[in-house]
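**Student:** Whatever this is, show me its structure:
(2 chains)
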Amino acid sequence: MKKKRKRSKLRAGGVNPERFSRGQIKFYLYLIPLAAFMLLPIIFITMSAFKPVDELFAYPPRFFVKNPTLNNFTQLFSISSSTNVPASRYLFNSIISTLLVVILTLLMSSAAGYVLSKKAFKQKKLLFSINNLALMFVPIAVAIPRYFVIVYSGLQDSFLANVIPLLAMPVGLFLVKQFIDQIPDALVEAAVIDGASDYKILTKIIIPLIKPALATIAILAFQTSWNSTEASTIYINKETLKTFSFYNTSGNMVAGQGIAAAASLIMFLPNLILFIILQSQVMNTMAHSGLK
Amino acid sequence: MKKFLEKHSIGVLLAPYVFLFTLFIIIPVLAAVALSFTYFNTIESPRFIGLANYISLLTNDKVFMQKVIPNTIIYASIVGIGGYLLSFFLAWSLSQLTKIPRTILAIIIYSPSMTGGVLLSTVWGVIFNGDKSGYLNYLLLDMGIIDKPVLWLQSDKYLLTIMIIVTLWSSMGIGFLAILAGIMNVNEELYEAAYIDGVKNRFQEIIYVTIPSAKPQMLFGAVMAIVNTFTSSGVGVALSGSNPTPNYAGQLIVTHIEDYGFIRYEMGYAAAISVVLLIIIRLASVGANKLFGSADE
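**Tutor:** Okay, the predicted model is just below:
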């Protein structure tokens, strides 16, 4: 404590201060207006989602909702799109495919991350550096060849086209591997001496210890899959297999602003809630995200 | 069976990832390179034409040279470099606050990046709506700055600016979080030592302590900024609702690829543009590496 006081004499505030001081006011002066600007469109969409029709088209436009109603939500699910597929079907597809993507990505990245971090084999370095190179991979840059891969692998027009192309996530493997690097080798060696197989070590030792990293990847995989429209736009022609994010972007939204806002809110909220729940784990993982 | 699994555990654990990684990342990249040397309209099989695609891209494609390249340079430098500097500045500012307000503000600043490309058009579409009930039009009409509604998203004068604002708004993603985590984890004793060594103010503190200590996370943040810049560049099409964008005002390399690939079905030509894009992304990250990479590599 004494040390702290001495330090604060040396410099006001600093990184991660323990309590509020006047020196912090200047940061609030620009951070709060900026946060308000960031939040504005999100508040706006929330307001619109609960507005009744007369308020949506009122002139002058009103920002705040006066008589909130759930009408937009009930309409979203009661009317079907121009193709006779109800919105709930798209939502169902999104939920299932996102769950699959999250679970499979977690399994694959932790398995590969463990091997890359703790096992010795030829080409290990090469594999990891290829993966690092792929961190900057931008899927839409090669959308065309990816489309042909889908066609030739027989995934076109199948539900799995929503899932499989998203599973290899270089950022996911990278973060898990960095996190497993923090686990002392001795722990793994001790388990090997006790006769544990790699599968046992992975499930009994590694996975319980890397929960923060797994939480982070779960969020990233969730966002990627939940927001993805690539598969529904390019790989799948059957309306009944497409996802909710696609439903949002497609011309189905002629029904009106209020319904579109309701749908957007349904898209956005799961992302937000998941992040709020897991944010401290994410920050913990990001501390190990350094590229050297 | 069990014996086999035990013996080849490395391969078994690695296989699913490596297989899908090869299938959806490596093969597409190689295929793009291969296709870029062909004429391919998806009906006939690809015909080898050497460097013709690249030559016509650089000499014949007026839109590419006059619109796409300048737009991409403006867009990438403001969204990529500007957004990156902004994310560092915001992360550093947040690190100067106490825990609870810091967490709340970080969640708020990060939250737009979760909206992905999907919500952009609904959320911003209404704000920039072209008739007088659009929020921006209403505000400006009310204040007397404009005298009739502006078709913001259909206007070649404003589209690129709007795209930049919207993308900056949604660009504080995991790179921003990594930088914040990096700054938060700088050893406090380093600051004390630096002050004893004569560092006098916050600015010097950032230059001599914060940035060198958070370098690895800052490099990660830079790579994420580059990826985000190019991934989000479909925003012009999402906002204006058409590809090509009005008068090519919001046309970027990625949308140019889609224009040729999925609208005109000139796959070979589109692949050549993809290769150019991949090279640009690679060069950008080599640049980031030069700035932040450790010397021993």
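
**Student:** Low-confidence bits of the chain, can you list those?
**Tutor:** Using chain A. A:1-13, A:79-83, A:250-255, A:292 (pLDDT under 70).

**Student:** Hmm, no, I was thinking of chain B.
**Tutor:** Where chain B drops to pLDDT under 70, the residues are B:116-118, B:294-297.

**Student:** Spatially central residue for it, please.
**Tutor:** In chain B, the C-alpha closest to the average C-alpha coordinate belongs to residue B:229, at a distance of 1.5 Å (C-alpha atoms, centre = their mean).

**Student:** helix or strand for it, which one?
**Tutor:** If you go by DSSP states H and E, residue B:229 is part of helix B:215-231.

**Student:** which stretches of the stretch 101-250 of chain A form strands?
**Tutor:** Taking DSSP state E, counting those that start in this stretch, the stretch 101-250 of chain A contains no strands at all.

**Student:** in it, what residue is nearest chain B?
**Tutor:** Closest contact between the stretch 101-250 of chain A and chain B, by C-beta to the nearest C-beta, is at residue A:227 (3.1 Å). Just so you know, the C-beta spots here come from the backbone N, C-alpha and C atoms, and that holds for glycine as well.

**Student:** The residue nearest to the centre of chain B: what's it in contact with?
**Tutor:** B:75, B:76, B:79, B:80, B:83, B:167, B:171 (C-beta atoms under 8 Å, 6 or more residues apart in numbering or on different chains).

**Student:** Surely the second one is in a strand?
**Tutor:** No - assignment of residue B:76 by DSSP: H, G, I helix; E, B strand; the rest coil gives helix, placing it outside any strand.

**Student:** where along the stretch 101-250 of chain A do the helices fall?
**Tutor:** For the stretch 101-250 of chain A, the helices defined by DSSP state H, counting those that start in this stretch occupy A:124-133, A:143-152, A:170-180, A:185-193, A:198-200, A:207-209, A:211-227, A:230, A:244-249.

**Student:** does chain B sit close to the last one?
**Tutor:** It refers to helix A:244-249. Yes - using C-beta under 8 Å from any C-beta of the partner chain, a contact is recorded between helix A:244-249 and chain B, made by A:245, A:248, A:249.

**Student:** hang on, residue B:199 packs against residue B:206?
**Tutor:** No - the criterion here is C-beta atoms under 8 Å, and residue B:199 misses it with residue B:206 at 9.8 Å.

**Student:** what's the most buried one of the helices of the stretch 101-250 of chain A?
**Tutor:** Greatest average neighbour count among those goes to helix A:170-180 (a mean of 25), per mean count of other C-beta atoms under 10 Å in any protein chain shown.

**Student:** residue of chain B with the smallest distance to chain A?
**Tutor:** Residue of chain B nearest chain A, by C-beta to the nearest C-beta: residue B:216 (2.3 Å).

**Student:** Grab the nearest non-local neighbour of that residue.
**Tutor:** In space, and not counting its chain neighbours, residue B:216 is closest to residue A:290: 2.3 Å by C-beta to C-beta, 6 or more residues apart in numbering or on different chains.

**Student:** ok now do the one you found, which residues does it touch?
**Tutor:** Counting by C-beta under 8 Å, 6+ apart, residue A:290 makes contact with A:178, B:182, B:215, B:216, B:217, B:219, B:220.

**Student:** For it, what is the enclosing helix or strand?
**Tutor:** If you go by DSSP H and E, residue A:290 is not part of any helix or strand.

**Student:** What is the neighbour count of residue B:15?
**Tutor:** Neighbour count for residue B:15, taken as other C-beta atoms under 10 Å in any protein chain shown: 15.

**Student:** Pull out the buried residues from the helix or strand that contains residue A:54.
**Tutor:** Assigned by DSSP H and E, residue A:54 belongs to helix A:53-56. Neighbour-count burial for helix A:53-56, counted by 16 or more other C-beta atoms under 10 Å in any protein chain shown, picks out A:55, A:56.

**Student:** Send me whichever helix or strand comes after that helix as CSV with only the CA atoms.
**Tutor:** Counting by DSSP H and E, the element after helix A:53-56 in chain order, helix or strand, is helix A:71-78. Only the C-alpha atoms of helix A:71-78 are listed here, as CSV (Å, rounded to 0.1, in the frame of the first residue of the first chain):
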residue,chain,number,x,y,z
ASN,A,71,-46.6,-6.2,-32.8
ASN,A,72,-43.4,-6.2,-34.9
PHE,A,73,-42.2,-9.4,-33.3
THR,A,74,-45.5,-11.2,-33.7
GLN,A,75,-45.8,-10.0,-37.3
LEU,A,76,-42.3,-11.1,-38.0
PHE,A,77,-43.2,-14.7,-37.1
SER,A,78,-46.7,-14.8,-38.3
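
**Student:** Next, see if stretch A:125-135 gets close to chain B.
**Tutor:** Yes - interface with chain B: stretch A:125-135 contributes A:127, A:130, A:131, A:134, A:135 (C-beta under 8 Å from any C-beta).

**Student:** any idea how far stretch A:44-52 is from the chain center?
**Tutor:** A distance of 24 Å separates the centroid of the chain from that of stretch A:44-52, by C-alpha atoms, centre = their mean, to the nearest Å.

**Student:** all helices of the stretch 101-250 of chain B, in order?
**Tutor:** Taking DSSP H, counting those that start in this stretch as the test, the helices found in the stretch 101-250 of chain B are B:116-127, B:135-143, B:159-169, B:174-184, B:188-196, B:202-205, B:211-213, B:215-231, B:235-240.

**Student:** Figure out which of those is closest to residue A:285.
**Tutor:** Of all the helices of the stretch 101-250 of chain B, the one in closest proximity to residue A:285, counting by C-beta to C-beta, is helix B:174-184 (8.0 Å).

**Student:** Between helix A:170-180 and the closest one, find me the angle.
**Tutor:** Interaxial angle of helix B:174-184 relative to helix A:170-180 (axes from the mean of the first three to the mean of the last three C-alpha atoms, to 10 degrees): 20 degrees.

**Student:** Ramachandran angles for residue A:52?
**Tutor:** Phi and psi for residue A:52, reported as degrees, to the nearest 10, are phi -70, psi 160.

**Student:** repeat for residue B:265
**Tutor:** phi 60, psi 30.

**Student:** re earlier: now the residue nearest to residue B:216. Its backbone dihedrals?
**Tutor:** Residue A:290 adopts backbone torsions of phi -60, psi 140, taken as degrees, to the nearest 10.

**Student:** burial measure for residue B:6, as a count.
**Tutor:** The burial count for residue B:6: 12, using other C-beta under 10 Å.

**Student:** That should have said residue B:171, apologies.
**Tutor:** Neighbours of residue B:171 using other C-beta under 10 Å come to 23.

**Student:** for residue A:109, same thing?
**Tutor:** A count of neighbours around residue A:109, defined by other C-beta under 10 Å, yields 29.

**Student:** before we move on, back to that, may I ask which two of the contacts of residue A:290 are separated the most?
**Tutor:** Using C-beta to C-beta, the pair of the contacts of residue A:290 lying farthest apart is A:178 and B:215, separated by 14.8 Å.

**Student:** one step back: quick check: which of the helices of the stretch 101-250 of chain B is buried the most?
**Tutor:** Most buried of the helices of the stretch 101-250 of chain B, by mean neighbour count (mean count of other C-beta under 10 Å): helix B:174-184, with a mean of 27.

**Student:** now it against helix A:211-227, angle please.
**Tutor:** Using the same axes, to 10 degrees: helix B:174-184 against helix A:211-227 is 160 degrees.

**Student:** Helix B:174-184 vs helix B:215-231, what angle?
**Tutor:** 170 degrees.

**Student:** Could you export helix B:174-184 as CSV, CA atoms only?
**Tutor:** Presented in CSV, the C-alpha positions along helix B:174-184 are these (Å, rounded to 0.1, in the frame of the first residue of the first chain):
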residue,chain,number,x,y,z
ILE,B,174,-11.2,-8.3,-31.1
GLY,B,175,-8.1,-6.4,-32.2
PHE,B,176,-9.2,-3.6,-30.0
LEU,B,177,-9.8,-6.0,-27.1
ALA,B,178,-6.3,-7.5,-27.6
ILE,B,179,-4.7,-4.1,-27.5
LEU,B,180,-6.7,-3.2,-24.4
ALA,B,181,-5.6,-6.5,-22.7
GLY,B,182,-2.0,-5.9,-23.8
ILE,B,183,-2.0,-2.4,-22.2
MET,B,184,-3.6,-3.7,-19.1
